[in-house]
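Colleague: Generate a structure from the sequence data that follows.
(one chain, ligands or ions: 1)
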Amino acid sequence: MSFCTAINCMDGRVQLPVIRYLQARFGVSFVDTITEPGPNRILADRADVRTVQAILDRLAISVQKHASVGIAVVGHHDCAGNPAPREAQILHLQEAVRFLQTHYPTLPILALWVDENWTVTEIPT
Ligand SMILES: [Zn+2]
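Modeller: Next up, the predicted model:
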């Protein structure tokens with residue numbers, strides 16, 4: 001069994017596109033999924049300390065118990081949890097990746113954008 005980890009929005013529209021993208025990207029069978037509304041902003045702002053910790057706690061289970069081979073943070077078009085425009089959400093994604101890299105410096109950590117056609121693209125970090 002092989003796993004990676006998605007820190008995804010709770011939005012139902014982005015679940016399958018992100019899972020399918022990450023299965024191919026990391027060559028894994030399973031994608032552990034941690035969902036919050038607008039997780040890129042939560043991890044960039046880190047104002048909601050309890051939610052940030054809850055994300056880290058779940059991430060630790062995926063990395064330690066499932067030997068996750070990589071992590072992705074997701075932002076998407078028309079997000080109810082993070083209604084910021086794409087340009088701001090890209091900055092949130094990049095800051096979220098930087099933050100997660102301080103916890104997991106040896107794992108690949110991706111920033112993913114899901115557009116209005118529910119197509120997934122990787123954002124340079
Ligand atoms: Zn969303």
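
Colleague: Next, the residue nearest the centre of the chain: phi, psi?
Modeller: With distances taken as Cα atoms, centre = their mean, residue 73 lies nearest the centre of the chain, 1.8 Å away. The phi and psi values for residue 73, taken as degrees, to the nearest 10, are phi -110, psi 140.

Colleague: Distance check, residue 22 against residue 52.
Modeller: 22 Å (Cβ to Cβ, to the nearest Å). The C-beta positions use only the backbone N, C-alpha and C, and glycine is treated the same way.

Colleague: of those two, who's got more company?
Modeller: Higher neighbour count among residue 22 and residue 52: residue 22, with 27 against 17, using other Cβ atoms under 10 Å.

Colleague: Spatially nearest residue to residue 83 (excluding sequence neighbours)?
Modeller: Leaving aside its sequence neighbours, residue 83 sits nearest to residue 38 (Cβ to Cβ, 6 or more residues apart in numbering; 8.0 Å).

Colleague: now swap in residue 108 and tell me
Modeller: Going by Cβ to Cβ, 6+ apart, residue 108 has residue 70 as its nearest residue, at 4.3 Å.
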